[in-house]
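Asks: Provided below are the primary sequence and the corresponding predicted coordinates.
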Amino acid sequence: MKTIGVLGSGQVGQILADGFLKHGYAVRRGSRDQAKLAAWKAGAGANASVGDFADTARFGEIVVLAVKGNAAEDVVRP
């Protein structure tokens, strides 16, 4: 099973994460505020998890950047 990290807690990140889950991938969504993702995780199933940006990037064999353009640089900065 491939693992996918989705960086972002917004609507685009949710749609992508839900689609990957539907196709059998393990998905971790990353956010600065993981509490924003609690409801998503509760309904997403056993293959779904949440973490911070760094943890999510390490988790994914594939990593998707799904944040607003003006936040992208902060997300990928070490």
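Replies: Yes, it's here.

Asks: tell me the helices in this protein, going along the chain?
Replies: Remark: helices assigned in the chain by DSSP state H are 11-22, 38-44, 53-59, 72-76.

Asks: would JSON lines of the ones you listed with mean neighbour count be doable?
Replies: Where C-beta positions appear, they are placed from N, C-alpha and C, glycine not excepted. Output for the helices of the chain, formatted as JSON lines (neighbours: other Cβ atoms under 10 Å):
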{"stretch": "helix 11-22", "mean neighbour count": "16"}
{"stretch": "helix 38-44", "mean neighbour count": "13"}
{"stretch": "helix 53-59", "mean neighbour count": "17"}
{"stretch": "helix 72-76", "mean neighbour count": "13"}
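
Asks: Name whatever forms a beta bridge with the most centrally placed residue in the chain.
Replies: Taking Cα atoms, centre = their mean, the centroid of the chain lies closest to residue 29, which sits 1.9 Å from it. Counting by DSSP bridges, residue 29 is bridged to residue 6, residue 50.

Asks: State the pLDDT value of it.
Replies: Per-residue confidence (pLDDT) for residue 29: 98.

Asks: is it true that residue 20 touches residue 4?
Replies: Yes: if you go by Cβ atoms under 8 Å, residue 20 and residue 4 touch, sitting 4.9 Å apart.

Asks: so what sits against both of the two?
Replies: Jointly contacting residue 20 and residue 4 under the rule Cβ atoms under 8 Å, 6 or more residues apart in numbering are residue 27.

Asks: just to revisit the earlier point, so what's the residue nearest to the centre of the chain up against?
Replies: Counting by Cβ under 8 Å, 6+ apart, residue 29 has contacts 5-9, 13-14, 17, 37, 40-41, 48-51, 56.

Asks: Tell me how far it lies from residue 77.
Replies: Distance check for residue 29 against residue 77: by Cβ to Cβ, to the nearest Å, it reads 19 Å.

Asks: Contact partners for the residue lying closest to residue 14 once chain neighbours are set aside?
Replies: Of all residues not flanking residue 14 in the chain, residue 40 sits nearest, at 6.0 Å (Cβ to Cβ, 6 or more residues apart in numbering). Neighbour list for residue 40: 14, 17, 29, 48, 50 [criterion: Cβ under 8 Å, 6+ apart].
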